[in-house]
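> Give me a 3D structure for the following:
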Amino acid sequence: MQRVFVLDKNKEPLMPCNPARARQLLKSGKAAVFRCYPFTIILKDREGGETQPVQVKIDPGSKTTGIAVVAEFKCGLYCVWAVKLTHRGQQIRDAILSRRQLRRGRRTRKLRYRPARFDNRKRSSGWLAPSLMSRVYNIETWVKRLMHYVPVTYLALELVKFDIQSMVNPEISGIDYQQGELWGYEVREYLLEKFGRKCVYCGAKDVPLEIEHIVPKSRGGSNRVSNLTLACHTCNQKKGNQTADEFGHPHVQKLAKAPFKDASAVNVTRWKLHQTLQNFCLPIEIGTGGRTKYNRAIQNYPKTHWLDAVCVGESGQLVFVSPNHQSLAIKAVGRGNRQMTKPDKYGFPRATRQRKKVYFGFQTGDMAKAMVTSGKKEGIYVGKVTVRASGRFNITTTTDTIQGINNRFFKTIHKSDGYNYMKGERALLPMPKGMDSRA
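Just a heads-up that it's a prediction; the model follows:
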């Protein structure tokens, strides 16, 4: 299970504690809730304390990043907290594209004069698109937050996949390089990521997969990666000498030629992320994708983002994860927008933004609890608030949206901070031999 973060009375981080211990402290009045996400308590009468080494491990991804907090106890390394962080890079890209199209449309229709400014624009060295930088900023934000709640001593980051074949023989090239150890390993990993680790013909998962040719070599097909896919043994034998189109799966060819943009996004941002983490002035352990996969395999952990983060680096070879550990799922949603006017589908202004964001102590996006004591809407509701200047708010729960509740019934649970929070998946792991579940 997730540990609870603990602060002393001076708001200095202490070692995370068991949820049962946190309940005792809260019930006895020795502690108070400091923050709900991540759940943190603050001690009222304690100052300082002994701490153990704590490492924040990061497995960056294009759409989702895994982050784990691993503490070093007497019994070994123990995962005390983990999160699956979902980025919003694609949403940012779509928003910028829409804005660009609207502006270009206004210029070409000559609705108003606006001279081109392309010659005046300069980009700083190392510039990355906002949709890519958002991934770096999200990770930076959460590392910074964790350093406020946990005594972090060093970081671990999965950065690159080493080219083992070229390291053994730097001068290797041509067919020896393409069909050496690198060929078998890199190509298979590429195909597993691209086709979702399942058979492209029957969709079977968790079965042995074989690399097969979309257009068979006997029909003129090549060994190019764009002509390779993954299939289970049964489908591979049944397909025989047919092309994927003839076998009844014309979409496979389209999938094979699709760009692998998720991998490109990770490759572009990895060094920027490494540079950003160096600003925290903490030792950084660098891991590779091959090392992460090896650590996960020998510990028999399933493929998830946060368990990949646990296994990053050499220190990830033996990290105990509670069999029923439930991670936290966080999704980046942004903090609203700064548009002065909202355009219609033609790009013309249709509404102006509100002058204020906060009404009666609440703003849209806050998590709150509404306890309505009478009337048709009587009940207790927990969810996200949508504020109105009139003072009658809407609240969106997991199942419904209740409208027009007076602000006096609301109590803030968590202030809007640009992220949505929910319970993540459970580990559901077998208990490893020789490991104590109590750290």
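
> Can you show me the helices along the stretch 201-350 of the chain?
Ranges of helices within the stretch 201-350 of the chain are 233-239, 251-257, 261-278, 289-298, 305-310, based on DSSP state H, counting those that start in this stretch.

> Ok, the stretch 51-200 of the chain next?
89-108, 130-149, 164-168, 174-178, 181-194.

> Can you tell me which of the ones you listed is nearest to residue 271?
Nearest to residue 271 among the helices of the stretch 51-200 of the chain is helix 130-149 (10.2 Å), distances taken as CB to CB. The C-beta positions use only the backbone N, C-alpha and C, and glycine is treated the same way.

> now the closest one against helix 261-278, angle please.
Using axes from the mean of the first three to the mean of the last three CA atoms, to 10 degrees, one finds that helix 130-149 and helix 261-278 are set 40 degrees apart in direction.

> Buried residues of helix 130-149, list them for me.
Residues of helix 130-149 classed as buried under the neighbour-count rule (16 or more other CB atoms under 10 Å) are 131-136, 138-140, 142-143, 145-147, 149.

> what's the closest of those to residue 396?
If you rank those by distance to residue 396 using CB to CB, residue 138 comes first, at 23.0 Å.

> What's the mean pLDDT across stretch 222-238?
Throughout stretch 222-238, pLDDT has a mean value of 86.

> outside of that stretch, which residues touch it?
Contacts of stretch 222-238 from elsewhere in the structure, counted by CB atoms under 8 Å, 6 or more residues apart in numbering, are 187, 190-192, 195, 197-202, 204, 207-215, 217, 221, 239, 244, 247, 252, 255-257.

> Start and end of it, how far apart?
Across its full length, stretch 222-238 reaches 20 Å between end residues, using CA to CA, to the nearest Å.

> Could you list the low-pLDDT ranges of the stretch 101-250 of the chain?
Regions of the stretch 101-250 of the chain meeting the criterion pLDDT under 70 cover residues 110-120, 160-187.

> Residue 57: which of the helices of the stretch 51-200 of the chain is closest?
Each of these was scored for nearness to residue 57 using CB to CB, and the closest is helix 130-149 (10.6 Å).

> Might you calculate how far the closest one sits from the centre of the chain?
Between the centre of helix 130-149 and the centre of its chain there are 11 Å (CA atoms, centre = their mean, to the nearest Å).

> which other helices and strands contact it?
Using 3 or more CB pairs under 8 Å, 6 or more residues apart in numbering; DSSP states H and E as the contact criterion, the elements in contact with helix 130-149 are strand 13-17, strand 54-59, strand 64-73, strand 76-86, helix 89-108, helix 261-278, strand 326-332.

> how about a cut-off of 6 Å?
Other elements packing on helix 130-149 under the criterion 3 or more CB pairs under 6 Å, 6 or more residues apart in numbering; DSSP states H and E are helix 89-108, helix 261-278.

> If you count neighbours, what's buried in the last one?
Yep, that's helix 261-278 we're talking about. Along helix 261-278, the positions that meet the burial threshold by neighbour count (16+ other CB under 10 Å) are 265-266, 269-270, 272-274, 276-277.

> Turn the residues you listed into TSV, columns for distance to residue 373.
Formatted as TSV, those follow (distance: CB to CB, whole Å):
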residue	distance to residue 373
265	50
266	51
269	50
270	54
272	52
273	49
274	54
276	49
277	49
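
> wait, which of those is closest to residue 45?
Residue 45 lies nearest to residue 277 out of the buried residues of helix 261-278, by CB to CB, at 35.2 Å.

> Just give me the neighbour total for residue 32.
11 (other CB atoms under 10 Å).

> ok, now residue 28?
8.

> average model confidence for stretch 361-371?
Mean per-residue pLDDT for stretch 361-371: 93.
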